[in-house]
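Student: sequence plus the predicted model coming up.
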Amino acid sequence: MHINWALLAEVLIAALITGVGTVVLFALGVRGWSNHADARGEGRSDVLGVATAVVSFTLCAAVVAFGLWIIVAG
């Protein structure tokens, strides 16, 4: 049995980048939403917090949808 180590390393790196990237995006979304909630509690408006949360959560959903599409199509 022959193992293609270069391809295995490529898959490992892609999985690590995707996994860590998704977690970082989700954390940014939670942080943005938290900033918005804090600002709203003080009677201010935080458009940047909401925008960060929306973009981050949308990208997380896109990563999950793409992963599911790969699984179902394959």
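Tutor: Alright, I've got the coordinates.

Student: next, give phi and psi for the residue nearest to the spatial centre of the chain.
Tutor: Compute the mean C-alpha point of the chain, and by CA atoms, centre = their mean the closest residue is residue 22, 2.8 Å away. Main-chain torsions, residue 22, degrees, to the nearest 10: phi -70, psi -40.

Student: now it: closest residue in space that isn't a chain neighbour?
Tutor: With CB to CB, 6 or more residues apart in numbering as the criterion, residue 22 has its nearest non-adjacent residue at 5.1 Å, and that residue is residue 63. Backbone N, C-alpha and C define where each C-beta goes, glycine included.

Student: tell me the spacing between that neighbour and residue 27.
Tutor: From residue 63 across to residue 27, the span is 14 Å (CB to CB, to the nearest Å).

Student: and if you look at residue 64?
Tutor: Taken as CB to CB, the span from residue 64 to residue 27 is 15 Å.

Student: one more: residue 15?
Tutor: Residue 15 is 19 Å from residue 27, by CB to CB.

Student: of residue 63 and residue 27, which one has the most company?
Tutor: When neighbours are counted by other CB atoms under 10 Å, residue 63 comes out ahead of the other of residue 63 and residue 27, with 16 against 11.

Student: now the more buried one: which helix or strand?
Tutor: Here residue 63 sits within helix 47-73, counting by DSSP states H and E.

Student: return the set of buried residues in that helix.
Tutor: 49-50, 52-53, 56-57, 59-60, 63 (16 or more other CB atoms under 10 Å).

Student: what does the average pLDDT come to for it?
Tutor: Average pLDDT, helix 47-73: 96.

Student: hang on, residue 63 packs against residue 20?
Tutor: No: the criterion here is CB atoms under 8 Å, and residue 63 misses it with residue 20 at 11.5 Å.

Student: about what we covered before: check contacts around the residue nearest to residue 22.
Tutor: Listed by CB atoms under 8 Å, 6 or more residues apart in numbering, the contact set of residue 63 reads 18, 21-22, 25.

Student: around residue 36, how many other residues sit close by?
Tutor: Number of residues near residue 36 (other CB under 10 Å) recorded here: 20.

Student: that one against residue 49, yeah?
Tutor: Yes: between residue 36 and residue 49 there is a contact under CB under 8 Å: 3.6 Å.
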